[in-house]
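Visitor: can you look at this prediction? I've put the sequence above it.
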Amino acid sequence: MKTSMKNFLLSISSLFMFACFGGKKVYTVDESTKEKLTTMEDVKSIYDFKVETISGDTLDLATLKGKKVLIVNTASKCGLTPQFEQLEALYQQYKDQNFVIIGFPSNDFMGQDPGTNEEIAEFCQLNYGVSFPMMAKVVVKGKDKHPLYQYLTEKAHNQIDDFDIEWNFQKFLINGNGTIDKVVSPRTLPNTPEIIDWIKA
């Protein structure tokens with residue numbers, strides 16, 4: 001009973017805090033910036049990184065060249081956790097169209113993903129049937145954030161802009177060149193037309 005009440009309060013707290021966040025729902029990189037990135041030398045992309053999967057293997061992101069990639073930081077005890085269901089549906093619908101979702105569990109927001117990698121994997125499978133690639137738990141903000149998230153969130157690395165991770169389930173839409181096309185706020189659902197139109201384009 002205590003655990004259920006704690007989870008309920010965490011969900012309410014996260015939704016309250018989240019409702020206070022301002023800013024755009026979707027940030028879109030302008031075409032001139034994307035064109036500039038294609039002509040610059042030594043521009044980083046997600047293909048420069050290798051990440052650990054939730055089962056302990058290594059995923060070289062360079063193997064995803066040419067695919068559109070949705071990168072999302074996830075949590076198991078968040079008011080937004082039901083987005084797993086829509087993420088999985090999106091993956092099932094478009095995974096054969098050069099599209100993939102990569103989930104990164106994170107415990108950075110109110111301790112809403114405290115479990116081990118094994119516990120997180122079991123939770124995602126049992127509750128939402130998640131089959132898209134899930135990575136090992138990472139830090140997505142602060143001085144200890146994972147190198148991939150340094151790239152995603154810091155202009156010094158991505159050559160686009162600085163992006164704060166507002167909450168769990170923030171989405172980075174990566175184009176076929178491995179650079180950022182859009183940054184989608186946590187409260188924007190995975191099946192929003194802007195994301196679907198981006199996948200289809």
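Guide: Here it is on my side, so go on.
Visitor: what helix or strand is the nearest residue in space to Gln150 that is not next to it in sequence located in?
Guide: Using CB to CB, 6 or more residues apart in numbering and skipping the chain neighbours, the partner closest in space to Gln150 is His157 (5.7 Å). Just so you know, the C-beta spots here come from the backbone N, C-alpha and C atoms, and that holds for glycine as well. Using DSSP states H and E, His157 falls within helix 155-158.
Visitor: then that helix to CSV, C-alphas only?
Guide: The C-alpha coordinates for helix 155-158 follow below in CSV (Å, rounded to 0.1, in the frame of the first residue of the first chain):
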residue,chain,number,x,y,z
LYS,A,155,26.3,23.1,-28.8
ALA,A,156,30.0,22.7,-28.3
HIS,A,157,29.5,19.1,-29.5
ASN,A,158,26.5,19.1,-31.8
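Visitor: quick one: average pLDDT of it?
Guide: Averaged across helix 155-158, the pLDDT comes to 96.
Visitor: residues making contact with whichever helix or strand comes after that helix?
Guide: Beyond helix 155-158 on the C-terminal side, the first helix or strand identified by DSSP H and E is strand 171-174. Applying CB atoms under 8 Å, 6 or more residues apart in numbering, the contact partners of strand 171-174 are 46, 68-72, 152, 163, 180-184, 186, 188, 190, 195, 198.
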